[in-house]
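# next input, structure requested:
(2 chains)
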Amino acid sequence: AQSVTQLDSQVPVFEEAPVELRCNYSSSVSVYLFWYVQYPNQGLQLLLKYLSGSTLVESINGFEAEFNKSQTSFHLRKPSVHISDTAEYFCAVSTTSGTYKYIFGTGTRLKVLA
Amino acid sequence: NAGVTQTPKFQVLKTGQSMTLQCAQDMNHEYMSWYRQDPGMGLRLIHYSVGAGITDQGEVPNGYNVSRSTTEDFPLRLLSAAPSQTSVYFCASSSDTGSTEAFFGQGTRLTVV
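Numbers count the residues shown, from 1 in each chain, chains lettered A, B, ... in the order given. Alright, predicted model coming up:
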């Protein structure tokens, strides 16, 4: 079975400061890794994903995440956050074979302060 | 392109009532799923479907039924609502076996009193 751990339930950070949202996963099989973002009163939207190849993946709005197989981590980073980045962020895994299922972490609420 | 459409957006039920949450997608996706979102617990998978006529249980299936008679629709039925089912429900669809993006509906906020 797969599981995802997001240790930080809330992360406050000042505008223009860097941020890292942590994600660790557990799986006995190969997985794909995702970060989704949820703005208030909306559904989830894909931020970025790792399928294979380069371990560093980037989003169009400045976020990046690095897949670290040895540490089973997929931390999300941004060098300089904006007020508009305030949202809840979910890390998720799905298996590369077998039955299709996304497994989500418990989410990290990022609050950017002016 | 509507994507994934959920109805209703809000619903209040009395304990013991039944209802169906509707989910429809217009992207011809094979894979559809239902999640519930509760504070501090993230999204938990209720039921999912890998194609018309095929459904399976997720992490928290008790108290919910699903069916998939068409590719487009994947309704979630609450047979006898309980206060523990107060939650926000999300439907999602995807075109592949987990390597592609899941598209989410806007959610249904359900309160059971």
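# pretty sure A:Q10 sits against A:V112.
No: counting by C-beta atoms under 8 Å, A:Q10 sits too far from A:V112 to count as a contact (12.0 Å). In short, each C-beta sits where N, CA and C put it, glycine included.
# for the residue nearest to the spatial centre of chain B, list the residues it contacts.
Residue closest to the mean C-alpha point of chain B, counted by C-alpha atoms, centre = their mean, is B:W34 at 2.9 Å. Contact partners of B:W34, counting by C-beta atoms under 8 Å, 6 or more residues apart in numbering or on different chains, are B:21, B:23, B:45-48, B:58, B:64, B:66, B:74, B:76, B:89-92.
# out of those residues, which sit inside strands?
Secondary structure from DSSP state E places B:21, B:23, B:45-48, B:64, B:66, B:76, B:89-92 of those in strands.
# on that earlier part again, A:Q10 and A:V112: who's more crowded?
Using other C-beta atoms under 10 Å in any protein chain shown as the criterion, A:Q10 and A:V112 rank with A:V112 on top: 20 against 10.
# what's near enough to touch the nearest residue to the residue nearest to the centre of chain B once chain neighbours are set aside?
Setting aside the residues directly before and after it, B:W34 is nearest to B:I46 in space (C-beta to C-beta, 6 or more residues apart in numbering or on different chains), at 4.4 Å. B:I46 makes contacts with B:S33, B:W34, B:Y35, B:R36, B:G58, B:E59, B:V60, B:P61, B:Y64, B:V66, B:L76, B:Y89, as judged by C-beta under 8 Å, 6+ apart.
# now swap in A:L47 and tell me
For A:L47, the residues meeting the contact criterion (C-beta under 8 Å, 6+ apart) are A:F34, A:W35, A:Y36, A:V37, A:S59, A:F63, A:L76, A:Y89.
# what are the buried residues along stretch A:65-80?
Using 16 or more other C-beta atoms under 10 Å in any protein chain shown as the test for burial, stretch A:65-80 gives A:A65, A:F67, A:T72, A:S73, A:F74, A:H75, A:L76, A:K78.
# typed the wrong thing, it's stretch B:54-62
In stretch B:54-62, counting by 16+ other C-beta under 10 Å, buried: B:T55, B:G58, B:V60, B:P61.
# how close does the first one sit to chain A?
Okay, so that is B:T55. Distance check for B:T55 against chain A: by C-beta to the nearest C-beta, to the nearest Å, it reads 12 Å.
# what about chain A, any weak spots by pLDDT?
A:96-100 (pLDDT under 70).
# do that again at 90, thanks
A:1-3, A:27-32, A:40-43, A:51-55, A:60-61, A:94-103 (pLDDT under 90).
# for chain B, give me the ranges with low pLDDT.
Checking chain B against pLDDT under 90 turns up B:1-2, B:39-42, B:50, B:59, B:94-102.
# alongside chain A, which residues does it contribute?
Residues of chain B lying near chain A by C-beta under 8 Å from any C-beta of the partner chain: B:4, B:31, B:33, B:35, B:40-45, B:48, B:50, B:56, B:58, B:90, B:92, B:94, B:96-99, B:101-102, B:104-107.
# count the residues that sit near the residue lying closest to B:G58 once chain neighbours are set aside.
Leaving out its chain neighbours, the residue that sits closest to B:G58 by C-beta to C-beta, 6+ apart is B:L45, at 3.1 Å. Residues near B:L45, counting by other C-beta under 10 Å, number 20.
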